[in-house]
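K.L.:
Predicted model and sequence follow; I will ask about them next.
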Amino acid sequence: MDDSQRMWEDRYASGEDSPDGTRPHPEVAALLERTAGEHAGRTPAALDLGAGTGRHTLSLALAGYDPTAVDFSPSAARVLADALAERGLPGRALVADLRTWSPEQEQLSGPDVVPRQFDLVLAVYFQHDLSLLRRATEWLAPGGRLLWITHAPGSVEGPPPTVPRPDLEETVAVLEGKGLDLLRAEQVRTTPTALDVVVEGVRPR
Ligand SMILES: C[S@@+](CC[C@H](N)C(=O)[O-])C[C@H]1O[C@@H](n2cnc3c(N)ncnc32)[C@H](O)[C@@H]1O
């Protein structure tokens, strides 16, 4: 385990929740409300990247998705798997390092197959360079949406200065040439102290 994985694992192993609470980010709640009913007649697949203890994974499951959560903290994944099981909700919590993970690494058969493509890919406050964003665009099914939210450089809330905070321009630049329709790209003040980069795109059918 490197320092960053150890830091997160220690946090979750001590019983703490994800740093931003248990209620979904307002942008995620709004997207789920806005797109409710879009997938009538089938169970859409969702991917929650850097899921923590799964405030969004649980919202996705409650909204009718089959969610796959990925986080490199085994304790966070355990908390989330228990929460899904206790509520009888679908979904899985995978332990993996997202700097290198891809859905192709997961099992191809068995009772709990991880999809290769997703109707919704979500990442909230995954503060790294943008290599995951670049790869995540490839995991969208036709018609699939991507919602990418990070702490903006000027935000009072967020990680310490040593942690990357890509700005809106850099984030949008990664999506150029990826074949997505960009639906939103803006800085949003979600609380008086939180300024977020919010980017939403869709893969054309
Ligand atoms: C700020 S928390 C956000 C959690 C969740 N998305 C939310 O909004 O509540 C960042 C999460 O990313 C996870 N994480 C950070 N780097 C990671 C990596 N390289 N691979 C997998 N997970 C990582 C951490 O364990 C932590 O749970």
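P.N.:
Good, I have the coordinates.
K.L.:
can we go C-alpha only for contacts and neighbour counts from here?
P.N.:
Will do.
K.L.:
For H128, grab phi and psi.
P.N.:
Comment: the main-chain dihedrals of H128 come out as phi -130, psi -170, following degrees, to the nearest 10.
K.L.:
Which residue, neighbours along the chain excluded, lies closest to it?
P.N.:
Spatially, and ignoring its direct neighbours in sequence, H128 is nearest to P164 (5.4 Å; C-alpha to C-alpha, 6 or more residues apart in numbering).
K.L.:
Tell me how many other residues crowd the one you found.
P.N.:
Residue crowding around P164 was assessed by other C-alpha atoms under 10 Å; the count is 17.
K.L.:
hey, C-alpha coordinates of stretch 67-84 in PDB?
P.N.:
The C-alpha atoms that make up stretch 67-84 are tabulated as PDB, following Å, rounded to 0.1, in the frame of the first residue of the first chain:
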ATOM      1  CA  PRO A  67     -24.000  -0.300  -9.600                       C
ATOM      2  CA  THR A  68     -20.400  -1.300  -9.600                       C
ATOM      3  CA  ALA A  69     -18.300   0.600  -7.000                       C
ATOM      4  CA  VAL A  70     -14.500   0.700  -7.200                       C
ATOM      5  CA  ASP A  71     -12.200   2.000  -4.400                       C
ATOM      6  CA  PHE A  72      -8.800   1.000  -3.200                       C
ATOM      7  CA  SER A  73      -9.800   0.900   0.400                       C
ATOM      8  CA  PRO A  74     -10.800  -2.700   1.500                       C
ATOM      9  CA  SER A  75     -12.600  -1.300   4.500                       C
ATOM     10  CA  ALA A  76     -14.700   1.200   2.500                       C
ATOM     11  CA  ALA A  77     -15.700  -1.600   0.100                       C
ATOM     12  CA  ARG A  78     -16.700  -3.800   3.100                       C
ATOM     13  CA  VAL A  79     -18.900  -1.100   4.600                       C
ATOM     14  CA  LEU A  80     -20.600  -0.600   1.200                       C
ATOM     15  CA  ALA A  81     -21.000  -4.300   0.400                       C
ATOM     16  CA  ASP A  82     -22.700  -4.700   3.900                       C
ATOM     17  CA  ALA A  83     -24.900  -1.700   3.300                       C
ATOM     18  CA  LEU A  84     -26.100  -3.000  -0.100                       C
END
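K.L.:
What's the mean pLDDT across it?
P.N.:
In this model, stretch 67-84 has a mean pLDDT of 98.
K.L.:
And stretch 92-100, by the same measure?
P.N.:
Mean per-residue pLDDT for stretch 92-100: 96.
K.L.:
Thanks a lot, see you next time.
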